[in-house]
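Q: Structure for the following, please:
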Amino acid sequence: MTATTDSIPPPATGSPGSPDDASLAAFGYRQELRRQMGRYASFAAGFSFISVLTTVFQFFALGYAFGGPLFVWAWPVVLAGQLLVAACFAELAARYPISGAIYQWSTRLSGPVFGWFTGWIMVIGQVVVTAAAALALQVVLPPIWSGFQLVGGDPTPTTATGAANAAVLGIALLAVTTLVNALDNRVMSVVNRVGVTAEIIGAALIVVLLFTHTEHGGGVTLTTGGHDGMAALLIGSFTAAYVLIGFDSAGEMSEETHHPRRTAPRTILGALAAAGVLGGLLVLGGVLAAPSLTDGRLATEGLSYVLTSSLGDGVGKALLADVALAIVVATLAIQTAGSRMLFSMARDGMMPCSARLAKVSPRTGMPVASSLVVGVLAAALTLLNLASPEAFLAIGTTCIAMLYLAYAGVTGPMLVRRLRGEWPTADGEGRDELGRPLFSLGRWGLPVNVLAVLYGLFMVVNLSWPRAAVYDPAGGHWYFQWFTVLFVGTALLGGAVFLRRRTRAMGAGSGASAGAAVGT
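A: As a prediction, the model looks like this:
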């Protein structure tokens, strides 16, 4: 395969097989994964990664604890910023319908080395997100039934016993999702579709019930609960930032989707928009329906406290069960996206043990080894919760920063292309597999791209800033205060060491060629 980072290739024509397979062949890859996903399954891949029920219930307490009611206003700001990023991704999904989307897009927009580092950061971030999602079971299972508190003691995730139990539940969940990821993408697709449908219905029902059980007027959202207003918005934005990631998963599954050039752009934007609206209403409804804004429970128990207190144990626990299902499906979807990224990079010979990681089971059509690696590494990360309750927040914010940094590794080179005049004009947009024009931002492309880059970099700094009050409130754990910075730095250093050793082993010339072996 030959690298082509200087042009935007049009879809292939005249190749044997289906138009989708011909499109993939134009990039130098043969169809190995099973292409069985339709539009709703593609939407489900993105929506289930975002999983508003999982993430809002997981991070609501943090946003309220540091921002008070005012933190709800951070939501529309983050949603607007992520829609800018998603619009850029939609253009790229139409042009590069390949698994490992972030890595593939960055490589073709910049070059093999920069693209590799972007993919490296993304796949590690996806492993961390998988661990963070699995830990979310602790937020909902013990409130449903005390028997789920297997470790015993206080189930609150910020306590030692709650954190330890979260690790136990998380590892059990990862064992299940790894098994599903090894079966067949038809099984995974069915689980995703059913889970997403249940989550949308459940989220809509929760929103309606919250707004019909309000205890406060909308004016309370203009108060900070004693916190500094700017800090309330900056730290409060962590909740929205954590929720509104993963919409690129529809692009990650392109090689398993019918007509991906047309489907993926729509489902990327659709999944983010749907999750953004539902999540924003959940956050606002949770604040307005809370029995008390000052008793401290909203800042520790979050939305679980609101549901069981305002709606009664029966209805509240039934809805929490739906949230638990959403967490299971979200963990599955995130692990799947991470395995596809790992598979895509290994297929280009760009990961340790590439041959094994790139192998697709002829029986299941799934990259089993990649799925297993993501599951095992995520499970290992959950064990950090045994060390300290602060690990829960450190893992959560680190995964967001990693993904935002990887996103910037795509929007940045894309902006450079635009500024150089190398992005297709209206006359050179190309067409999809059905002969229709590709998705394009047209004249809005440059301003949208500029704002997407600025927003992404700002959020990386905001998320990584070592605030002791956030990351080490009890003191004595400096490594948690600096966890995101240290983790990202270690990941980049480890990647540089691997890349240098690999280049030396293959020889400078052959290493560069292999690194470029991701072309069209």
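
Q: For stretch 31-43, which outside residues touch it?
A: 17-18, 20-21, 24-25, 45, 99, 184-186, 189, 192-193, 196, 250, 253, 255-258, 260, 263-264, 266-267, 270-271, 360, 365-367 (C-beta atoms under 8 Å, 6 or more residues apart in numbering). Where C-beta positions appear, they are placed from N, C-alpha and C, glycine not excepted.

Q: same question for it, mean pLDDT?
A: Taken as a whole, stretch 31-43 has an average pLDDT of 88.

Q: For it, measure first residue to last.
A: 22 Å (C-alpha to C-alpha, to the nearest Å).

Q: What of stretch 356-366?
A: Terminal-residue distance, stretch 356-366 (C-alpha to C-alpha): 12 Å.

Q: which outside residues touch it?
A: Contacts for stretch 356-366 (C-beta under 8 Å, 6+ apart): 32-34, 181-185, 342-343, 346-347, 351, 367-370, 373.

Q: Inside helices: which ones of those residues?
A: Using DSSP state H, the subset of the contacts of stretch 356-366 located in helices is 181-183, 185, 342-343, 346-347, 368-370, 373.

Q: which one of those residues sits closest to Tyr305?
A: Set against Tyr305, the nearest of the ones in helices among the contacts of stretch 356-366 by C-beta to C-beta is Asn181 (33.4 Å).

Q: Without its sequence neighbours, what residue ends up closest to the closest one?
A: Closest residue to Asn181 apart from its sequence neighbours, by C-beta to C-beta, 6 or more residues apart in numbering: Ser371 at 3.7 Å.

Q: residues near that neighbour, how many?
A: 27 (other C-beta atoms under 10 Å).

Q: Is it correct that it is in contact with Asn185?
A: No: counting by C-beta atoms under 8 Å, Ser371 stays clear of Asn185, with 10.8 Å between them.

Q: Distance check, the residue nearest to Asn181 against Met188.
A: Ser371 is 10 Å from Met188, where distance means C-beta to C-beta, to the nearest Å.

Q: again with Ala275
A: For Ala275 relative to Met188 (C-beta to C-beta), the value is 20 Å.

Q: Next: Phe43.
A: From Phe43 over to Met188 (counting by C-beta to C-beta), the distance is 15 Å.

Q: Neighbour count: those two, which is higher?
A: Met188 (29 against 23).

Q: List the contacts of that one.
A: 180-181, 332, 336.

Q: likewise Leu174?
A: Counted by C-beta under 8 Å, 6+ apart, Leu174 has contacts 130-131, 134, 331, 335, 375, 378-379, 382.

Q: and the two most separated of the residues you listed?
A: So, the contacts of Leu174 by C-beta to C-beta: farthest apart are Gln335 and Thr382, at 12.6 Å.

Q: Pick out whichever of the two has more residues nearby.
A: Taking other C-beta under 10 Å, Gln335 and Thr382 do not tie; Gln335 has more neighbours (30 against 25).

Q: State the helix or strand in which that one lies.
A: helix 312-347 (DSSP states H and E).

Q: Show me which residues of that helix are buried.
A: The neighbour-count check on helix 312-347 (16 or more other C-beta atoms under 10 Å) flags 316-317, 319-347 as buried.

Q: With pLDDT added, can I get the contacts of Met188 in JSON lines?
A: Formatted as JSON lines, the contacts of Met188 follow (pLDDT from 0 to 100):
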{"residue": "Val180", "pLDDT": "90"}
{"residue": "Asn181", "pLDDT": "86"}
{"residue": "Leu332", "pLDDT": "93"}
{"residue": "Thr336", "pLDDT": "92"}
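
Q: Compile the residues you listed into JSON lines and extend it with columns for distance to Gly442.
A: Listed next are the contacts of Met188 as JSON lines, based on distance: C-beta to C-beta, whole Å:
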{"residue": "Val180", "distance to Gly442": "41"}
{"residue": "Asn181", "distance to Gly442": "38"}
{"residue": "Leu332", "distance to Gly442": "36"}
{"residue": "Thr336", "distance to Gly442": "33"}
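
Q: Nearest to Val220, out of the residues you listed: which one, please.
A: Closest to Val220, out of all of those and judged by C-beta to C-beta, is Leu332, at 36.9 Å.

Q: In contact with that closest one, which residues?
A: 48, 177, 180-181, 188, 191-192, 195.

Q: Lowest-confidence entry in the residues you listed?
A: Met188 (80).

Q: Report the residue spans of this structure with pLDDT below the cut-off.
A: Counting by pLDDT under 70, the low-confidence segments of the chain come to 1-17, 425-430, 432-435, 507-520.

Q: Three-state assignment for the most centrally placed residue in it, please.
A: Nearest to the centroid of the C-alpha atoms of the chain, with distances taken as C-alpha atoms, centre = their mean, sits Gly246, at 2.9 Å. Secondary structure, DSSP: H, G, I helix; E, B strand; the rest coil: Gly246 is coil.

Q: ok, now how distant is the residue nearest to it when sequence neighbours are not counted from Gly28?
A: Nearest non-adjacent residue to Gly246, counting by C-beta to C-beta, 6+ apart: Phe49, 3.1 Å away. According to C-beta to C-beta, Phe49 and Gly28 sit 27 Å apart.

Q: what do you get for Met188?
A: Met188 is 26 Å from Gly28, where distance means C-beta to C-beta.

Q: How about Leu53?
A: Counting by C-beta to C-beta, the gap from Leu53 to Gly28 is 40 Å.

Q: So which of these two has more stuff around it?
A: Leu53 (32 against 16).

Q: So the more buried one versus Leu150, what's the distance?
A: Leu53 is 23 Å from Leu150, where distance means C-beta to C-beta.

Q: do Ile327 as well
A: From Ile327 to Leu150 the distance is 17 Å (C-beta to C-beta).

Q: Same check on Asn192?
A: Following C-beta to C-beta, the distance that separates Asn192 from Leu150 is 28 Å.

Q: Check Met122 too.
A: Counting by C-beta to C-beta - Met122 and Leu150 are separated by 33 Å.

Q: Look at the two and report which has more neighbours.
A: Met122 (29 against 13).

Q: my guess is the more buried one meets Trp105, correct?
A: No: contact between Met122 and Trp105 fails when scored by C-beta under 8 Å: they sit 10.3 Å apart.

Q: burial count for Ala240?
A: Neighbours around Ala240, by other C-beta under 10 Å: 29.

Q: which residue sits closest to it in space, ignoring its chain neighbours?
A: Val78 (3.6 Å).

Q: In stretch 74-87, which residues are buried?
A: Under 16+ other C-beta under 10 Å, the buried positions of stretch 74-87 are 74-75, 78-79, 81-87.

Q: now it: how far from the chain's centre is it?
A: The chain centroid and the centroid of stretch 74-87 are separated by 14 Å, computed with C-alpha atoms, centre = their mean, to the nearest Å.

Q: Residues in contact with that stretch: which ones?
A: With contacts defined as C-beta under 8 Å, 6+ apart, stretch 74-87 is touched by 63, 67, 233-234, 236-237, 239-241, 244-245, 247-248, 268-269, 272-273, 276, 279-280, 283-284, 407, 411, 441, 448, 451-452, 455-456, 459.
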